Structures are given as structure tokens and as C-alpha cells.
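Undergrad: Coordinates for the following, if possible.
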Amino acid sequence: MDNSPVLVVTALGDATADLVLDELYGRGVPAVRLDPGIDFPHPTRMSARIEHGAFTGDLDTATRHVDLCAVRSVYWRRPTPWGDPRTTETPGQRFGIEQSRAGYTGMLTALPRALHVNHPMRNRAADYKPGQLATAARLGLPVPATLFTNVPEDARKFAADHGPVIYKPVHGVQLAGEDGRNRTIWVRAVEADELDDSIALCPHLFQACVPKIADIRLAAVGDELFATRIDTDGDHLDWRQNQRLITCSPVTVPGPVREAVLSYLRTFGLTFGAFDFALDAADQWWFLECNPNGQWAFVDESTTRAIACALANTLEKGVPA
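TA: Sure, this is the predicted structure:
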């Protein structure tokens, strides 16, 4: 049996990562869970060396020892952010946090034999919506008319010309309310006359509203595609707002969409991507976005199992030495 471990980099309570870990454990594949922002520098310790043209190193958690050169793959999910934004840090604490982020996280991205799913630098490059939409359009996927702007008059004209129009943040963000709990900014419809000069503060994303009959979440693992149709009970623009109202069922991926999705992954150097499409009455799949580290554990049970199995297969195989 190959004792080379899989590293799973994520926060405690990540149900999506748990499914993949369970699959790996069931196969007898050694896996080590890490959450750098929480477990470093205590209790985890790390030493990495570059000598005589070779990278070597050791990592010790509270219960495990890892030979960094032996790591076969890294499942880079959703680790806890470094530092607590609710606390005031001293200059010394901030120095330590930034050095840990660059040193420990940087070391995890530099493992010489490991496959990353996905490499965090690839995730970051693929996370910008302007690049996503431009790439999807270039590859032939239908993309709704879209405007990125901080010019109020351009936003109003776009809304008047393309109405109905929706607004969504250029980048996903959660804002803390007065009670300290995070609030999500959902996709919502907007009218031209409500777009005021506050738009000038930052770029905004406006998009022609697709007359959709359902949504599609497509999880791509290498060349395996798993698509789920999401039907919502009632008229809800953003199905994520209340997932108790959705019904998920597997759906076949049209050939042109499949080819474009695989080309999209190659363009950004991704092994995994979670694609969102709007489905209209003519069975047209409209590309909305691709989260390079998106969720999939909420879909129907058979598809969830298939995605977990595909990810475990990829991580178990890793990259040959």
C-alpha cells in the first residue's frame, strides 16, 4: 500500500471536505487534515529545506508526522483566514500572522510531487468574475449582457437598455451586522431609477436577467462532469437564499457545454470547478460564474457520492514522481 499522504487543507466543520475524507479513509488512503490559520504555529510545527537542488521537509501536528516530500496530493478547500478581523492586533502579532501566511501556506503550495486540487494560486486567478465571463464568452458559452462599472450614468443606461437587470457583487463578500453575525449580499433585481451616485464608490456588476426556468450547478473533476438541475419552490432569483425550497436532480450535460467547460478548466489550470448556469425555456444553458472551490455537497445524494468518489480518485492518484 502507498503510504504517501493526502493533505486536506480546510476548516473544521467543512461538510464537503468530510465527504472526501470519508471516501479516502474507506480506501485506506492516509489523509491529514490541516487548518493553517488555526493550528499553526501551535500545535503544528514545520521545517522545510532547499539544499543541493532538492526540497525536503517535515511537518508535525498534534497527532501526525508528515514527510513533505512524500505528500501525493493536496485538497485545498476552505481553511480559516489568518488572523481574527474582530480583534485589534499589535504590530508584532500582525508580523507573525503575515510571516505564517507566507511561510507555512507558501510551503504547502510548493510541495514538489503533489497534485493540488486546486492550487491556491490557480484558485485566486480563476476567482475574478470579469475574467470568468470573458473566458466563457470566448469559449462559446452563452453569457448574459454584463456591465462592470462605477459610473452611475452608465449603470442607469444599462438598466434602461437591458431591463430587467440584476445586481450582484463583483466578488463574494460577507458583511458583519450590528449583532456581529455575517450578512450575505444576494443577487437581486434593480431598476434604473434606484441607481444613485453611490455606485461611484466601487465597481458594480449588473447583468441582464435571464428568463430562467431552473438553475444548473455543474461540478467538474478533471474530465468528469456532474450536473444538477436546481428547481426552486416559488419565484426566487437566488436559490442559495433558502435551500430548503430547492429540489435537485441529475441532468445530462449538452455536448457543446461539456467541451467549453473542459476548455475553461484548461485555460485556468484547474482540476476542479463548480459552474453555475441559468436554464431557460429553450434549454439554453447561460453561463453565470465558476467558483474554482465551490460547494457541491447539497445536491442529490447519488451525485454527491459520485463527486466525492471522483475527487478521492484524483487525490489518491496524485502526480507520479
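
Undergrad: could you pull out the strands for the stretch 51-200 of the chain?
TA: 54-60, 65-67, 73-76, 115-117, 146-149, 165-168, 174-176, 182-184, 188-190 (DSSP state E, counting those that start in this stretch).

Undergrad: Deepest-packed of these, please.
TA: Most buried of those, by mean neighbour count (mean count of other C-beta atoms under 10 Å): strand 73-76, with a mean of 26. Bear in mind the C-beta positions are built from the backbone N, C-alpha and C, glycine included.

Undergrad: Direction included, what does that strand pair against?
TA: strand 6-9 (parallel), strand 115-117 (parallel) (DSSP bridges).

Undergrad: Tell me the helices and strands packed up against the helix or strand that comes right after the first one.
TA: Using DSSP states H and E, the next helix or strand after strand 6-9 towards the C-terminus is helix 15-26. Helix 15-26 is packed against strand 6-9, strand 31-34, helix 301-317, with contacts defined by 3 or more C-beta pairs under 8 Å, 6 or more residues apart in numbering; DSSP states H and E.

Undergrad: at 6 Å instead, please
TA: When contacts are defined as 3 or more C-beta pairs under 6 Å, 6 or more residues apart in numbering; DSSP states H and E, helix 15-26 sits against strand 6-9, helix 301-317.

Undergrad: to the chain's geometric centre, what's the distance from it?
TA: 17 Å (C-alpha atoms, centre = their mean, to the nearest Å).

Undergrad: Now do the buried residues in it.
TA: 16-21, 23-24 (16 or more other C-beta atoms under 10 Å).

Undergrad: Most widely separated two among these?
TA: Spatial extent of the buried residues of helix 15-26 (C-beta to C-beta) is set by the pair T16 and L24 at 13.5 Å.

Undergrad: ranking the helices and strands packed on helix 15-26 by burial, who's on top?
TA: Highest mean neighbour count among those (mean count of other C-beta under 10 Å): strand 6-9, a mean of 23.

Undergrad: Under the pLDDT cut-off, which ranges of the protein? List them.
TA: Residue ranges of the chain with pLDDT under 70: 1, 84-88, 173-182, 320-321.

Undergrad: change it to 80
TA: The chain contains residues with pLDDT under 80 at 1-2, 83-89, 172-185, 234-243, 319-321.

Undergrad: and of the strands of the stretch 51-200 of the chain, who's closest to V29?
TA: strand 73-76 (9.6 Å).

Undergrad: ok, residues contacting that closest one?
TA: 6-9, 114-117, 120, 315, 318 (C-beta atoms under 6 Å, 6 or more residues apart in numbering).

Undergrad: Pick out the residue nearest the middle of this protein.
TA: N293 (2.0 Å; C-alpha atoms, centre = their mean).

Undergrad: Roughly how far does it sit from H171?
TA: According to C-beta to C-beta, to the nearest Å, N293 and H171 sit 13 Å apart.

Undergrad: now swap in L225 and tell me
TA: The value you get for L225 to H171, if C-beta to C-beta is used, is 26 Å.

Undergrad: Which one's more surrounded, these two?
TA: L225 (19 against 10; other C-beta atoms under 10 Å).

Undergrad: Might you report the residue contacts of L68?
TA: Going by C-beta under 6 Å, 6+ apart, the list of residues near L68 reads 57, 59, 111.

Undergrad: Farthest pair within the contacts of strand 73-76?
TA: Largest pairwise distance in those, by C-beta to C-beta, is 17.2 Å, between P120 and G318.

Undergrad: The contacts of L68 into CSV, with extra columns for distance to F277?
TA: Shown next, in CSV, are the contacts of L68 (distance: C-beta to C-beta, whole Å):
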residue, distance to F277
G57, 42
L59, 40
L111, 34
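
Undergrad: quick check, nearest of these to A160?
TA: L111 (52.4 Å).

Undergrad: Just give the nearest non-adjacent residue to that closest one, would you?
TA: V71 (5.1 Å; C-beta to C-beta, 6 or more residues apart in numbering).

Undergrad: residues touching the one you found, list them.
TA: 5, 7, 111, 114.

Undergrad: ok, what's across the strand from the second one?
TA: Counting by DSSP bridges, L7 is bridged to V32, V74.

Undergrad: got TSV for the strands paired with strand 73-76, with distance to P152 too?
TA: Listed next are those as TSV, based on distance: least, C-beta to C-beta, whole Å:
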stretch	distance to P152
strand 6-9	42
strand 115-117	42
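
Undergrad: Of those strands, give the one that comes closest to L133.
TA: Of all the strands paired with strand 73-76, strand 115-117 comes closest under C-beta to C-beta, at 23.8 Å.

Undergrad: all helices of the stretch 51-200 of the chain, in order?
TA: 91-100, 106-108, 120-125, 129-138, 152-162 (DSSP state H, counting those that start in this stretch).

Undergrad: With distance to I50 and mean neighbour count added, can I get those in CSV?
TA: As requested, the helices of the stretch 51-200 of the chain are exported to CSV (distance: least, C-beta to C-beta, whole Å; neighbours: other C-beta atoms under 10 Å):
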stretch, distance to I50, mean neighbour count
helix 91-100, 18, 12
helix 106-108, 10, 17
helix 120-125, 19, 16
helix 129-138, 32, 17
helix 152-162, 50, 17
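
Undergrad: Please consider this matter closed, and thank you.
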